[in-house]
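In: this one's structure only:
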Ligand SMILES: C[S@@+](CC[C@H](N)C(=O)[O-])C[C@H]1O[C@@H](n2cnc3c(N)ncnc32)[C@H](O)[C@@H]1O
């Protein structure tokens, strides 16, 4: 958990706490400090009011208009700086991947046949490396792309990077061009973990169109990202809001906080958003988790969204 007062994209590592999601339910408020994490937590009135007052504060104090353009001009530069500073801290062993996205590991089974998986916004390769490590499938190939060239270097410099089974390259998810390395309509699975939130809302339609063009019919998007009113949103200070629910962290990286309704419209009825893509929504769930700092008696309300969208 990020304890700094200035927000940073390293906060995504808080998702490491989400191991056996759904298993621990808080039934008695008096026991809240007995464990580190509780699932499916209903928010009390105090937390709801806090959320509303923070959102109002943000809306009343956006990033000054004359400072906004820099965050739209070269967003990858901020991520390059981020990876230059955080290279070692960022690689995490994601135990929950297998629990939440078993489809990935089915593609890695010995008899799964030819499978092509693409990790978009791969950062340090937090999906690609564990997947390949566990793969028994000689015919699994994993692509990994990020628009930060520093992130791609981090992946390529990893001693486990194996060019016979994987390929990492620079690509912008919101680009009008598909990556040269991947044939259109050839992918079985695309993984986006805390990536879509980094796009500006006006880039969503192009990004979804790209996913649709890259996937095979029946191919799957595996999605995990920030939910509306997550702790990371509510703790923003003044002058960090670019647009409603879209913020600039202290390190200059951007982050949007979604609702399931927005994802439903974006992926399920993408045509209306200016993209011809339409996906069957197989999962669109909220992971509301209360993390507890037992020694400091702090309660942290996390809200993450998880989706599985199948190309029709
Ligand atoms: C919060 S990090 C998550 C990294 C990784 N998916 C993980 O879960 O560890 C977001 C990543 O998305 C990348 N990113 C942001 N916008 C992107 C875009 N338009 N195209 C490709 N990658 C992007 C950033 O460079 C960063 O590596």
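Out: Looks like it came in fine. If you're wondering where the values come from, they're calculated on a predicted model, not measured in any experiment.
In: give me the number of residues near residue 46?
Out: Applying other CB atoms under 10 Å, we find 9 residues neighbouring residue 46. Backbone N, C-alpha and C define where each C-beta goes, glycine included.
In: Tell me the secondary structure at it.
Out: Recorded secondary structure, residue 46: helix (DSSP: H, G, I helix; E, B strand; the rest coil).
In: Kindly report the same for the one 5 residues further on.
Out: Look at residue 51: counting by three-state DSSP, its state is helix.
In: give me every residue that touches the closest residue to it other than its chain neighbours.
Out: Of all residues not flanking residue 51 in the chain, residue 229 sits nearest, at 4.6 Å (CB to CB, 6 or more residues apart in numbering). Applying CB atoms under 8 Å, 6 or more residues apart in numbering to residue 229 gives the contacts 51, 55, 257, 301, 303.
In: how about residue 229, secondary structure?
Out: For residue 229, the assignment made with three-state DSSP gives coil.
In: any idea how far it is from residue 208?
Out: Distance from residue 229 to residue 208, counting by CB to CB, to the nearest Å: 24 Å.
In: same question, residue 146
Out: According to CB to CB, residue 146 and residue 208 sit 18 Å apart.
In: Neighbour count: these two, which is higher?
Out: residue 146 (29 against 24).
In: List phi and psi for the more buried one.
Out: Per-residue torsions, residue 146: phi -150, psi 150 (degrees, to the nearest 10).
In: likewise residue 112?
Out: According to degrees, to the nearest 10, residue 112 has phi -70, psi -20.
In: which residue sits closest to it in space, ignoring its chain neighbours?
Out: Nearest residue to residue 112 in three dimensions, chain neighbours excluded: residue 137, at 4.9 Å (CB to CB, 6+ apart).
In: Number of residues surrounding the one you found?
Out: 21.
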